[in-house]
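Q: What follows is a predicted structure for the sequence shown.
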Amino acid sequence: MNKSTKRPLNLFFIEMIIALLFFSISGAVILSVFAGADRKSRQSEVLESVMVLSQSIAEVYSENGNADETIKIVTNECGGLNENITLTKYEEKTQSEAGVLSKLTVTFSEDKREIYRFTCAAYIQNGGNNEQT
């Protein structure tokens with residue numbers, strides 16, 4: 001009779017171990033999903049701030065055509081970049097009789113990985129001189 005009472009008890013412990021194993025594995029999977037969602041959320045926030053800065057840079061650059069002045073104005077007005085994000089600019093100017101076509105390419109990078117790149121242009125009549133001839 002002693003043996004028959006041990007069997008249901010052993011079966012109960014085996015069922016409890018299996019249930020604990022199932023919940024442990026489920027918990028690990030759920031935690032990894034939440035960690036991935038948090039990482040994607042942070043990446044989305046960074047990309048959104050970079051897009052706002054890009055739009056501001058394009059708007060200011062189309063008015064003045066000077067990359068250094070544009071970036072200075074935008075970072076003073078909108079705030080600086082995150083310390084992990086770097087901004088790289090490349091400016092190309094083409095002179096013509098009627099004025100100057102100035103193109104600006106800006107690249108945002110994080111840990112040497114490109115996040116976003118855009119190009120904008122400005123046309124300044126008379127080479128930036130507002131004198132009438």
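A: On my side now, so go ahead.
Q: which secondary structure elements does the helix or strand hosting residue 58 contact?
A: Here residue 58 is covered by helix 2-64, with elements defined by DSSP states H and E. Packing partners of helix 2-64 (3 or more C-beta pairs under 8 Å, 6 or more residues apart in numbering; DSSP states H and E): helix 67-78, strand 99-110, strand 113-125. (Glycine included, C-beta is placed from N, CA and C.)
Q: Specify the angle between that helix and strand 99-110 in degrees.
A: Put simply, helix 2-64 runs at 160 degrees to strand 99-110, going by axes from the mean of the first three to the mean of the last three C-alpha atoms, to 10 degrees.
Q: From residue 125, how far out is residue 106?
A: Distance of residue 106 to residue 125, computed by C-beta to C-beta, to the nearest Å: 24 Å.
Q: The two - which one has more neighbours?
A: Remark: of residue 106 and residue 125, residue 106 carries more neighbours, 23 against 10, as counted by other C-beta atoms under 10 Å.
Q: Residue 81 and residue 55: what is the separation?
A: For residue 81, the distance to residue 55 - C-beta to C-beta - is 15 Å.
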